[in-house]
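[1] A predicted structure for the sequence below; I have some questions about it.
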Amino acid sequence: MEKILTVTVPAYNAESYLGYCLDSLCLPDLLDKLEIIVVDDGSQDLTGQLADQYMLRFPGTVRVIHKKNGGHGSGINCGIQAAQGRYFKIVDADDWVDAQGFRNLICFLERSLNSSGSSKNVSDLIVSGFYWAFDDGSGQEENFRRKPEIKEPFPGVVYNQVYRFDQIASKLYVKMHALTIRTELLQSHMVRIDENCFYVDMEYILFPIPYAETIAFIRDFVYQYRIGRQGQSVDPNRMIRLQADYDRVLKALFAFYEQCSSGEIPCSHEKCGYIARIIARAAAGKIKILLSLPIRRAVKDRLISFDKGLKKHYPCIYKANCSKGVTLLRLSAYHLYTPACWLLRIKNRRK
């Protein structure tokens, strides 16, 4: 039977979480429709052995690829290359899916693929909701406090309808946890993201955009994103330590935008605008990292130099900023640098 959905689970030293993740995916009524690829990224713990056990329990559904360590992006690239399902989704090894929401996602994909055999009803991108699930250390995931980061894709959205991407691009901000992508789109355009690097989520959600013509939304909150786990790359202190990786991703995003805006990669005006707005969010993240560093004149100069360079070389991205904090910094001619540093520290302590 042709698989409807490939879920790739990049996993590195995830033995404490992988079982819960795979249990949430391996629903008996979905096994024939689902391909799960666990990419063991050179783990030093029992991640690989645990994945192999699931492959034995669920033959024909769970596949395991053991490889040397190459980072999260390497696991995603490996999954894209190996995927055989009609659609493709990433679920990180420390996260999981809601059972009924996951069923509804696959049901929507199946209906779309079977609808009168017409490609016009087959969407390139499907967006579902996701929750932040705040890890309280109890190990009882079902009791974690949950919060939707984005309650609805945009005001007035019609769920289960296929839209032309360009028609609603100005209303959208789609994150990786919400995204399911038609596999052929990724494979035929050889979408690849940086390896041996953190913060490649932005690459994954943007690199397919020039080729995506259609998008649909379902109401369900499928993905459960564990937040608060020690050592996560989104932790402010870790982001400071991983500045070089963040800068590397930003450089790749700027180069990608240049390719799209110049026509080297064919891309509509609407899609270029969408890409600029998402990169503007990444640029705001860079400014937040600089504000998290020790309060010094040299750091302030770095911040000003980065932001002025953004304005000079990528004015569309500069103008696409939606961060109120960045806007206030600019309006103050960066005189609010020190208060902004303290406010960010207070905000991070409250998280």
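    Looks like it came in fine. The structure displayed is predicted, hence computed values, not measured ones. Residues are numbered from 1 along each chain as shown.
[2] Helices along the stretch 251-351 of the chain, start to end?
    269-292, 297-313, 315-319, 324-331, 337-350 (DSSP state H, counting those that start in this stretch).
[3] Against which helices or strands is the longest one packed?
    This means helix 269-292. Applying 3 or more C-beta pairs under 8 Å, 6 or more residues apart in numbering; DSSP states H and E, one finds that helix 269-292 contacts helix 165-168, helix 201-206, helix 236-241, helix 243-262, helix 297-313, helix 315-319, helix 324-331, helix 337-350. Glycine gets a C-beta too; all of them are placed from N, C-alpha and C.
[4] Not counting its neighbours along the chain, what's nearest Pro10?
    Among residues not flanking Pro10 along the chain, Gly75 sits closest, at 2.8 Å (C-beta to C-beta, 6 or more residues apart in numbering).
[5] Now the strand or helix carrying the one you found: average pLDDT?
    If you go by DSSP states H and E, Gly75 is part of helix 72-82. Summarised as a single mean, pLDDT over helix 72-82 is 97.
[6] Ser128 is nearest to which of the helices and strands packed on helix 269-292?
    helix 201-206 (13.9 Å; C-beta to C-beta).
[7] picking that back up, on contacts alone, who are the packing partners of the helix holding Gly75?
    Applying 3+ C-beta pairs under 8 Å, 6+ apart, we find helix 72-82 packed against strand 5-11, strand 34-41, strand 62-67, strand 87-90, helix 183-188, helix 201-206.
[8] again, only using 7 Å
    Helix 72-82 is packed against strand 5-11, strand 34-41, strand 62-67, with contacts defined by 3 or more C-beta pairs under 7 Å, 6 or more residues apart in numbering; DSSP states H and E.
[9] quick one: low-confidence ranges for the stretch 101-250 of the chain?
    115-121, 229-236 (pLDDT under 70).
[10] Run a quick neighbour tally on Lys324.
    Counted with other C-beta atoms under 10 Å, residues neighbouring Lys324 total 9.
[11] which SS class is Ile218?
    The three-state label given to Ile218 by DSSP: H, G, I helix; E, B strand; the rest coil is strand.
[12] Show me what stretch 179-193 is in contact with.
    For stretch 179-193, contacts defined as C-beta atoms under 7 Å, 6 or more residues apart in numbering pick out 6, 73, 76-77, 80, 83, 85-89, 105, 124-127, 200, 203-205, 207-208, 211-212.
[13] And for stretch 273-288?
    Residues outside stretch 273-288 that contact it (C-beta under 7 Å, 6+ apart): 169-170, 172-173, 202, 206, 209, 246, 250, 253, 257, 260, 303, 306-307, 310, 316-317, 320-323, 326, 344.
[14] do the same with stretch 289-308
    236, 239-240, 243, 246, 286-287, 334, 337-338, 340-341, 344.
[15] didn't Arg145 look like it was pressed against Trp132?
    No. Contact criterion C-beta atoms under 7 Å: Arg145 and Trp132 do not qualify, at 8.6 Å.
[16] These two - which one has more neighbours?
    Per other C-beta under 10 Å, whichever of Arg145 and Trp132 has more neighbours is Trp132, with 17 against 11.
[17] Can you list the buried residues in the host helix or strand of the more buried one?
    Per DSSP H and E, Trp132 falls inside strand 125-134. In terms of neighbour count (16 or more other C-beta atoms under 10 Å), strand 125-134 has its buried residues at Leu125, Ile126, Val127, Ser128, Gly129, Phe130, Tyr131, Trp132, Ala133.
[18] Stretch 57-74 now?
    Quick answer for stretch 57-74 (16+ other C-beta under 10 Å): Phe58, Thr61, Val62, Arg63, Val64, Ile65, Gly70, Gly71, His72, Gly73, Ser74.
[19] Same question for stretch 195-212.
    Buried positions in stretch 195-212, judged by neighbour count with 16+ other C-beta under 10 Å: 195, 197-212.
[20] Can you tell me how far the closest residue to Arg63 other than its chain neighbours is from Ser323?
    Distances taken as C-beta to C-beta, 6+ apart place Ile37 nearest to Arg63, at 5.0 Å, with adjacent residues excluded. Distance, Ile37 to Ser323, using C-beta to C-beta, to the nearest Å: 36 Å.
[21] Which one of the two is surrounded by more residues?
    Each of Ile37 and Ser323 has its neighbours counted (other C-beta under 10 Å); Ile37 has more, 24 against 16.
[22] dump the residue contacts of Ala252.
    Asp194, Glu203.
[23] Can we start the residue count at 833 from this point?
    Sounds good: first residue 833 from here, last item Ala1084.
[24] distance of it from Glu1016?
    Distance from Ala1084 to Glu1016, by C-beta to C-beta: 24 Å.
[25] Any idea what His898 is bridged to?
    Here His898 sits in beta bridges with Asp872, as judged by DSSP bridges.
[26] That one against Asp872, yeah?
    Yes. With contact defined as C-beta under 7 Å, His898 counts as touching Asp872 (4.7 Å).
[27] Need the distance between the two termini of stretch 911-920.
    End-to-end span of stretch 911-920 (C-alpha to C-alpha, to the nearest Å): 9 Å.
[28] My error: substitute stretch 921-932 in the last question.
    Stretch 921-932 has an end-to-end distance of 17 Å (criterion: C-alpha to C-alpha).
[29] again, but for stretch 1134-1154
    By C-alpha to C-alpha, the extent of stretch 1134-1154 from end to end equals 21 Å.
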